[in-house]
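> can you look at this prediction? I've put the sequence above it.
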Amino acid sequence: MNKYQNALNEIMNCAGCLGCTCENVDLLQEIVDKATAKKVIALPKKEYGYTHECPNCEKLVGTIVMSKNNEFSPYIEEDCYCPSCGQALDWSEEE
């Protein structure tokens with residue numbers, strides 16, 4: 001559990017005394033979920049040069065970067081967040 005989830009759990013424990021509505025708590029949970037990195041999904045084959053997609057919105061992720069001498073040998077730079085939905089991304093290989 002990350003620090004954002006811990007903070008939300010504390011708010012939820014006091015929700016009644018703070019006057020928080022379930023709608024507000026749900027919105028906060030959505031923000032916490034977006035800030036918690038999820039593993040990118042490897043594509044079975046390259047799609048327009050991309051190799052992974054977002055686990056949340058399934059859009060292609062990563063930034064295609066050309067080599068320094070502009071030869072056609074692009075590589076994928078691992079983005080920290082999905083540019084489409086804002087989901088934090090985890091590019092690690094471990095399960």
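Received it, and whenever you're ready, just let me know what you need.
> remind me which residues of this structure are low pLDDT?
Applying pLDDT under 70 to the chain flags residues 1, 15-22, 67-74, 94-95.
> what ranges does it have for its helices?
Here the chain has its helices, by DSSP state H, at 3-13, 15-18, 22-35.
> could you export these as JSON lines, including mean neighbour count?
Any C-beta I mention is one placed from the backbone N, CA and C, and that applies to glycine too. Written out in JSON lines, the entries for the helices of the chain read as follows (neighbours: other Cβ atoms under 10 Å):
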{"stretch": "helix 3-13", "mean neighbour count": "13"}
{"stretch": "helix 15-18", "mean neighbour count": "10"}
{"stretch": "helix 22-35", "mean neighbour count": "13"}
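> relative to I41, which of these is closest?
With respect to I41, and counting by Cβ to Cβ, the nearest of the helices of the chain is helix 22-35 at 16.6 Å.
> dump the closest one to PDB, restricted to CA.
This file holds the C-alpha atoms of helix 22-35, laid out as PDB (Å, rounded to 0.1, in the frame of the first residue of the first chain):
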ATOM      1  CA  CYS A  22     -19.300   8.600  -0.500                       C
ATOM      2  CA  GLU A  23     -19.000  10.400  -3.800                       C
ATOM      3  CA  ASN A  24     -16.000  12.400  -2.600                       C
ATOM      4  CA  VAL A  25     -14.300   9.300  -1.200                       C
ATOM      5  CA  ASP A  26     -14.900   7.500  -4.600                       C
ATOM      6  CA  LEU A  27     -13.300  10.500  -6.400                       C
ATOM      7  CA  LEU A  28     -10.300  10.400  -4.000                       C
ATOM      8  CA  GLN A  29     -10.000   6.600  -4.600                       C
ATOM      9  CA  GLU A  30      -9.900   7.200  -8.400                       C
ATOM     10  CA  ILE A  31      -7.100   9.700  -7.900                       C
ATOM     11  CA  VAL A  32      -5.200   7.300  -5.700                       C
ATOM     12  CA  ASP A  33      -5.600   4.500  -8.300                       C
ATOM     13  CA  LYS A  34      -4.200   6.700 -11.100                       C
ATOM     14  CA  ALA A  35      -1.200   7.600  -9.000                       C
END
